[in-house]
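Colleague: Provided below are the primary sequence and the corresponding predicted coordinates.
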2 protein chains.
Amino acid sequence: MKNALRVRRSENFADWYQEVIREADMAENSGVRGCMVIKPWGWAIWEGFQAKLDRLIKETGHDNCYFPIFIPVELFEKEASHVEGFAKEMAVVTHHRLVNKNGKLVPDGELESPLVVRPTSETIIGEAMARWIKSYRDLPLKINQWANVVRWEMRTRIFLRTSEFLWQEGHTAHATREEAIEETRQMLDVYRQVVEGSMRIPVIAGEKSPGERFPGADETHTIEAMMQDGRALQAGTSHFLGQNFAKAANIQYQDRDGGLSYAYTTSWGASTRLIGALIMTHSDDDGLRLPPKMAPAHVVIVPILRDEAGRDEVILAAEALAKRLRAQRYDDEPVRVKVDLRDDSGANKRWAWIKKGVPLVVEIGPRDVAAGTVAFVRRDAIGTKRSASLDEFVAKIGDELNELDQKLHDDALAYRKANMVEGLANYADLVEHFEKKGGTGFVVGKYSGDPMIDAKLGEIGLTIRCLPHEQSGSEGQCLVTGAPATVDAIYAKAY
Amino acid sequence: MKNALRVRRSENFADWYQEVIREADMAENSGVRGCMVIKPWGWAIWEGFQAKLDRLIKETGHDNCYFPIFIPVELFEKEASHVEGFAKEMAVVTHHRLVNKNGKLVPDGELESPLVVRPTSETIIGEAMARWIKSYRDLPLKINQWANVVRWEMRTRIFLRTSEFLWQEGHTAHATREEAIEETRQMLDVYRQVVEGSMRIPVIAGEKSPGERFPGADETHTIEAMMQDGRALQAGTSHFLGQNFAKAANIQYQDRDGGLSYAYTTSWGASTRLIGALIMTHSDDDGLRLPPKMAPAHVVIVPILRDEAGRDEVILAAEALAKRLRAQRYDDEPVRVKVDLRDDSGANKRWAWIKKGVPLVVEIGPRDVAAGTVAFVRRDAIGTKRSASLDEFVAKIGDELNELDQKLHDDALAYRKANMVEGLANYADLVEHFEKKGGTGFVVGKYSGDPMIDAKLGEIGLTIRCLPHEQSGSEGQCLVTGAPATVDAIYAKAY
Ligand SMILES: [Zn+2]
Ligand SMILES: [Zn+2]
């Protein structure tokens, strides 16, 4: 059977990815280096993600707020390892005016001190926390912002790596180390709930090795997902910052005994990168496949209008069905239904919605109206056009969406299981495995914690994705150094 | 009676404004020149506004999307009057890296061509529209984005004029002039619905005079509100851009006859400035007053816990009341209730919530629990502590909120009416009026349309706020030039 996309996953995964995005009309490269335009279909998916995550962020006691887009370079100089990690790739504002010189606009009004477009906001939020926190009564302080950030990137790919991206960044301050670590863990679990529960992307939660930590963090925790080319994608990170940023920004509080202590801080973020993960986890050679909880439309109804006769009846029947479906609920919300009345053929419309990943595409023609039936395809089985009575279709809408939801998760989990490798003996095996298999999949192996490991893996394009929270506890030898080791690690190539 | 704020409106309006914001803990100046930090209470109000406006933007057929924060200067050079209007006050990115030189971070990696942090997105969205629009079938194209924008400002004031601010900007393209003008009008009316209907700020809708138009627009329409110092604030603008941006960006489409035509475009925006308008319209010398539809909490319940005895019963009663109130609806949503269990005195808590503008502050103490009553104050009459049975309070919650909602609107409208002046004879009268009255209020007078008028008014710090859509149709003499004129205009000082 011919597929809707011109490129197959198995042939050229990177081109296939671009093709899914283009055919689903989700986003495109802008004329501006490394920046993307997120188009309505891509944006609607992001809005759905935002709504789900924002609700959980609020339910766990965080308040939204907003901090400046510009960060003075002096603030960046305060936290040494943070500087090292970020200073290499930022947009720097040096002027506050353009003047017209012979028809060309040139920068003018040089700033006394340059400003950086935020790559992340620990420094500027730390400065605010130092103003706001005076006593233990002001703790914990738990805030979040939805914002755009910029990290200059030379090689970009839509959603996965763009100079400007959108995210939320949570920032909290606590009186004790234990409470801050608990917060770090809790928010990682919040990410897991949305990414696994709603986006249906299976993830492995764990801690980053030292070389992969957020610059300035004591611990970085992550959820890691496997894409359909076997590479890993970091789907959300949560950082325990210890007292590093508190000391750099002077976030001190008076404790119950009147003494002065530094707070413990955390930060955690999830970004538009997740839309890339959604695409690379679930899509197939016919385009995007959306888990129902993330679909801007659960059902699209395409009226089949071959001639003028019966046209009104068909449209009326489509609208009536839409109304009945909207009265049903799925995922605690009304079922989302579109009726596609655009001026195009039924087949073109059906394929357009399939490529956009809509869970159920329904067709109603004059014969269906007469018979009280609909014809439909579900996105996980588009080769099978099914028929049902209107009543039956309405009654089963929740079941259909639930089955699809489960199917996408099961498929993704099965793919990951099939591409997990255990039992490699040593570094030579590791190198051979990735060369032989073209560099994909997750290898589970031991890790000794030697500080040289991250750098050595970097030389062959590998990283430790995480030290899973669920550990086997067995003993063995470090896959890189050969030293005795008990810690399990995931070794993989990554986005 | 003593007031909760240290500064009265009548003494120093500008200081009073800052004091309202500080005492309501809504926002503050950041360490970054001209940028503000929006704190949780201010942000929650903005989120409420966003939700209401976003719903109407979608209901009128617009899709949300997202465009890059950076605009290449070349794009700016294309539309001449747009350049003139914006080129003087923008943040310019010239480098993409910082390097560490003797412990100081200095810009490195100079860009071949500078990028501007968007002050507005007509240019970059115009470029995208030119890619997307091929035929009349692609029209109308109706999109919107929620974004941060930057216009470098030397003198800033929180919410009212900040270098970075947040807004939505709608951008549409149409086949005909009439349809584009209809869109311009429709979106102005959407702003009016939210600003007047939910924020309860009375506005006058009209068209801007040529000197006050958006740079590059053929027509700018506006809703103008009067603040409590008599000055005008532009609460939302909607621009008919004619074919100016379409020609600059080459937005052409093939019409039904196969010919090639330029589209007509519009843009319209509303910003965090509106939070400033909300404050300056409704607040009093005791702090913020929130119209109920904009209040993050409709009711705050303060349990009065004088001693340990009865403590649990009081908290239980407070929570039970909160639950009953949340089961009531107001403005199509559940009533929003907070129970304030912070460790502080009842009086401190009551005043804190009054200064934050919460519509109803309720106190429950042990005696109330025994009697089945509550004591409460409504924000428009805080001197009157009232008592009611629990049942009565729950049953009347909607009435109380409606009465307050109406009262705030009536007060604001009464203020505006009392500060509208008609019947001035000539320019000398106009000058004298503003000098004598300290420069406040709206003067309604005739306007001849002479191109020199905007500049002449500028010399004395006045502007034409708008030519109201509702015109008297009478004849008279232009207040500035003395020439015969039929058009009514609003003359005022403005924010
Ligand atoms: Zn962890
Ligand atoms: Zn108008």
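Modeller: Thanks, I have the structure now. Ligands and ions are numbered 1, 2, ... in the order given.
Colleague: quick one: A:His239 and A:Thr172, what's the gap?
Modeller: 11 Å (CB to CB, to the nearest Å). Just so you know, the C-beta spots here come from the backbone N, C-alpha and C atoms, and that holds for glycine as well.
Colleague: and A:Asp391, helix, strand or coil?
Modeller: Here A:Asp391 is recorded as helix under DSSP: H, G, I helix; E, B strand; the rest coil.
Colleague: and if you look at A:Gly31?
Modeller: Applying three-state DSSP: A:Gly31 is coil.
Colleague: got the contact list for it?
Modeller: B:72, B:75, B:124, B:127 (CB atoms under 8 Å, 6 or more residues apart in numbering or on different chains).
Colleague: mind listing what's buried in stretch A:82-95?
Modeller: By neighbour count on 16 or more other CB atoms under 10 Å in any protein chain shown, the buried set for stretch A:82-95 is A:82-83, A:85-95.
Colleague: how close does the closest residue to ligand 1 within the stretch 351-495 of chain A get to A:Leu241?
Modeller: In the stretch 351-495 of chain A, the residue found nearest to ligand 1 is A:His469; the distance is 5.2 Å by CB to the ion. Distance of A:His469 to A:Leu241, computed by CB to CB: 19 Å.
Colleague: In terms of packing, which of these two has more residues around it?
Modeller: A:Leu241 (28 against 12; other CB atoms under 10 Å in any protein chain shown).
Colleague: Not counting its neighbours along the chain, what's nearest the more buried one?
Modeller: Nearest in space to A:Leu241, with sequence neighbours left out and distances taken as CB to CB, 6 or more residues apart in numbering or on different chains, is A:Thr265 at 4.5 Å.
Colleague: Can you classify that neighbour as helix, strand or coil?
Modeller: Going by three-state DSSP: A:Thr265 is strand.
Colleague: ok, it - how many residues close by?
Modeller: A:Thr265 has 29 nearby residues by other CB under 10 Å.
Colleague: I figured it hits A:His174, correct?
Modeller: Yes - assessed by CB atoms under 8 Å, A:Thr265 is found in contact with A:His174 at 7.4 Å.
Colleague: Need the overlap of contacts for these two.
Modeller: A:Ala180.
Colleague: sorry, back to before: now render the contacts of A:Gly31 as a markdown table, adding secondary structure.
Modeller: Converted to a markdown table, the contacts of A:Gly31 look like this (three-state DSSP):
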| residue | secondary structure |
| --- | --- |
| B:Pro72 | strand |
| B:Leu75 | helix |
| B:Ile124 | helix |
| B:Glu127 | helix |
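Colleague: The closest residue to A:Val203 other than its chain neighbours: neighbour count?
Modeller: In this structure, A:Val203 finds its nearest non-sequential neighbour in A:Ile223, 3.9 Å apart by CB to CB, 6+ apart. Counted with other CB under 10 Å, the neighbours of A:Ile223 add up to 26.
Colleague: name the element A:Ile223 belongs to?
Modeller: Assigned by DSSP states H and E, A:Ile223 falls within strand A:219-226.
Colleague: which bits of chain A sit near ligand 1?
Modeller: Residues of chain A lying near ligand 1 by CB under 5 Å from the ion: A:207, A:221.
Colleague: ok, now which residue in chain A is the farthest from the centroid?
Modeller: Within chain A, A:Ala309 marks the point farthest from the mean C-alpha position, 47.6 Å out by CA atoms, centre = their mean.
Colleague: which non-adjacent residue is nearest it?
Modeller: Here the residue nearest A:Ala309, using CB to CB, 6+ apart, is A:Pro366, at 7.5 Å.
Colleague: can you tell me which strand in chain A is longest?
Modeller: strand A:104-117 (DSSP state E).
Colleague: Can you lay out the buried residues of stretch A:82-95 as CSV showing pLDDT and distance to chain B?
Modeller: Shown next, in CSV, are the buried residues of stretch A:82-95 (pLDDT from 0 to 100; distance: CB to the nearest CB, whole Å):
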residue, pLDDT, distance to chain B
A:His82, 71, 11
A:Val83, 71, 7
A:Gly85, 72, 12
A:Phe86, 68, 9
A:Ala87, 65, 5
A:Lys88, 73, 6
A:Glu89, 86, 7
A:Met90, 92, 6
A:Ala91, 96, 5
A:Val92, 96, 4
A:Val93, 97, 5
A:Thr94, 97, 5
A:His95, 97, 4
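Colleague: before we move on, the earlier item: you'd agree the residue nearest to A:Ala309 is up against A:Asp312?
Modeller: No - using CB under 8 Å as the test, A:Pro366 is too far from A:Asp312 to be in contact (10.7 Å).
Colleague: These two: which is more packed in?
Modeller: A:Pro366 (18 against 10).
Colleague: and that one, how far is that from A:Gln252?
Modeller: From A:Pro366 to A:Gln252 the distance is 75 Å (CB to CB).
Colleague: re earlier: which residues are in contact with both of A:His239 and A:Thr172?
Modeller: Common neighbours of A:His239 and A:Thr172 (CB under 8 Å, 6+ apart) are A:266-267.
Colleague: Spell out which residues sit in contact with the residue in the stretch 101-250 of chain A that ligand 2 sits nearest to, please.
Modeller: For the stretch 101-250 of chain A and ligand 2, the shortest gap (CB to the ion) falls at A:Leu105, measuring 31.8 Å. By CB under 8 Å, 6+ apart, the contact set of A:Leu105 is A:98-99, B:73, B:76-77, B:83, B:87.
Colleague: one more time with 7 Å, if that's ok
Modeller: Taking CB atoms under 7 Å, 6 or more residues apart in numbering or on different chains, we find A:Leu105 in contact with A:98, B:73, B:76-77, B:83, B:87.
Colleague: Tell me the one of the residues you listed nearest ligand 2?
Modeller: For the contacts of A:Leu105, the nearest to ligand 2 is B:Val83 (25.5 Å; CB to the ion).
Colleague: Before I go, just wanted to say thanks for your time.
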